[in-house]
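Q: Here is my input, please return the structure:
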Amino acid sequence: MISETKQILEAVKSGALSVDEALLKLKTEPFEDIGFAKVDLHRKTRQGVPEVIYGAGKTAQQMIGIIDAMRKNGEERILITRLSHDAAEEIRQKHDITYYPEAKIGLAGGFPVPNGIGKIVVATGGTSDIPVAEEAALTAEALGNEVIRLYDVGVAGVHRLLSHKEEIMSASVIIAIAGMEGALASVIGGLADCPVIAVPTSVGYGAAFEGLSALLSMLNSCASGISVVNIDNGFGAGYLASMINHMEAKK
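A: Numbers count the residues shown, from 1 in each chain. Here you go, the predicted model:
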C-alpha cells in the first residue's frame, strides 16, 4: 500500500512539491487531543489509510467530534464501523455520510476509484452471513478495491460455489465468510491460488458456540494459504484484503 509519506517524497522528486511544502506536511501534529479521544492524524501517513472510527460504544456526539477533527485536518473520506441507525441519523445532521444499515457502516466522502492490483472476492456460506460480508466488502471498496460478491455458496450445496470457479481463480484475495462449522474457507482454500482470509460468524445452533466452532475449524484448516480473523470481524478481513491487494514490490 502506498503510504502518504512516499507520495510526498515522490512529489518532491518530481518537482510537484517543494521541500518546504513537504516538510510542512510531515510536521503536522501527529494527533489531536479532543478530551475523550486522541485522533491519530498521522495514521494515513504511516499506513496509507486514515483512522477508522469504531462506532460501537461511542455516542453520536463523540463521533461527530472525531469527524470534526479529521475534517479540520484535511481528511475527506471517513469510515465508521459498527454504527447504529440512530447514531447515523444524528451524525447526518452535522456531516454528510451514507449509511449502510445491513453492514452498520457509515461512509463520508464516497468510494474512491479502485486502484488495487486485482479483484477481491467476498464469499459467504449462507444468506445469514451477509451482514458480516457487507462489512468486509464495503470496507474493501472504501479502501480502493474492486469487489465481487458471491453470496450463499456454502458447502451444503457446493455446486453453487463451483459455478463461480472463474471468479475464484482470477481473484487476488478471497474473503471466505461462514458460520456453522466454517467449512467454506477450507473448500475455497483448496481451489484458489491466492491468499484466503477466513471470517467465522456467530451464525449457527447451540454447539456452534456463537462462532467459536467455525473459528476453530478455520484455524485448523488443512488447506494452505488461509489466515483467520476474529468472529464477525468483516472490517478486519476487508482491511487486510485491501493491504494484500495494494502490495508493491519492495526494492
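Q: hey, where'd the helices end up in this protein?
A: Using DSSP state H, the helices found in the chain span residues 4-14, 19-26, 43-47, 60-72, 85-92, 130-142, 159-162, 165-170, 184-191, 212-219, 234-245.
Q: Please identify which of the ones you listed is closest to L150.
A: helix 165-170 (6.4 Å; Cβ to Cβ). C-beta: built from backbone N, CA, C; applies to glycine.
Q: Can I get the helices of the chain in TSV including distance to Y99, mean neighbour count and mean pLDDT?
A: Output for the helices of the chain, formatted as TSV (distance: least, Cβ to Cβ, whole Å; neighbours: other Cβ atoms under 10 Å; pLDDT from 0 to 100):
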stretch	distance to Y99	mean neighbour count	mean pLDDT
helix 4-14	27	14	74
helix 19-26	32	12	69
helix 43-47	23	17	70
helix 60-72	12	18	91
helix 85-92	4	16	96
helix 130-142	11	25	97
helix 159-162	31	14	88
helix 165-170	28	14	92
helix 184-191	29	23	94
helix 212-219	28	20	96
helix 234-245	15	24	96
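Q: I105: which of those is closest?
A: Of all the helices of the chain, helix 130-142 sits nearest to I105, with 5.0 Å by Cβ to Cβ.
Q: elements contacting the closest one?
A: Helix 130-142 sits against strand 78-81, strand 105-108, strand 119-124, strand 146-150, strand 173-178, strand 196-200, helix 234-245, with contacts defined as 3 or more Cβ pairs under 8 Å, 6 or more residues apart in numbering; DSSP states H and E.
Q: orientation of the last one relative to helix 130-142 in degrees?
A: In this case it means helix 234-245. Relative orientation of helix 234-245 and helix 130-142, computed by axes from the mean of the first three to the mean of the last three Cα atoms, to 10 degrees: 40 degrees.
Q: Quick one: residues in contact with helix 234-245.
A: Residues outside helix 234-245 that contact it (Cβ atoms under 8 Å, 6 or more residues apart in numbering): 1, 49, 52, 81-82, 103, 116-118, 120, 122, 131-140, 143-145, 172-173, 175, 177, 195, 197, 199, 227, 229-230.
Q: Recalculate using a threshold of 7 Å.
A: Helix 234-245 has contacts (Cβ atoms under 7 Å, 6 or more residues apart in numbering) with 1, 81, 116-118, 120, 132-133, 135-137, 139-140, 143, 145, 172-173, 175, 195, 197, 199, 229-230.
Q: Check the fifth one too.
A: Residues outside strand 173-178 that contact it (Cβ under 7 Å, 6+ apart): 120-125, 129, 132-133, 136, 154, 168, 184-185, 188, 192, 194-199, 201, 214, 237-238, 241, 244-245.
Q: What strands line up against it, and which way round?
A: strand 119-124 (parallel), strand 196-200 (parallel) (DSSP bridges).
Q: Neighbours of K104, how many?
A: 23 (other Cβ atoms under 10 Å).
Q: Same check on A16?
A: Applying other Cβ under 10 Å, I find that A16 has 11 neighbouring residues.
Q: and it, what pLDDT?
A: Here, the pLDDT recorded for A16 equals 80.
Q: backbone phi and psi for it, please?
A: With angles defined as degrees, to the nearest 10, A16 sits at phi -80, psi -20.
Q: Centre of the chain to stretch 112-131, how far?
A: With Cα atoms, centre = their mean, to the nearest Å as the basis, stretch 112-131 stands 10 Å off its chain's centre.
Q: Stretch 97-114 too?
A: Distance of stretch 97-114 from the chain centroid (Cα atoms, centre = their mean) equals 11 Å.
Q: cool, and stretch 203-221?
A: Mean C-alpha position of stretch 203-221 versus that of the full chain (Cα atoms, centre = their mean) differs by 22 Å.
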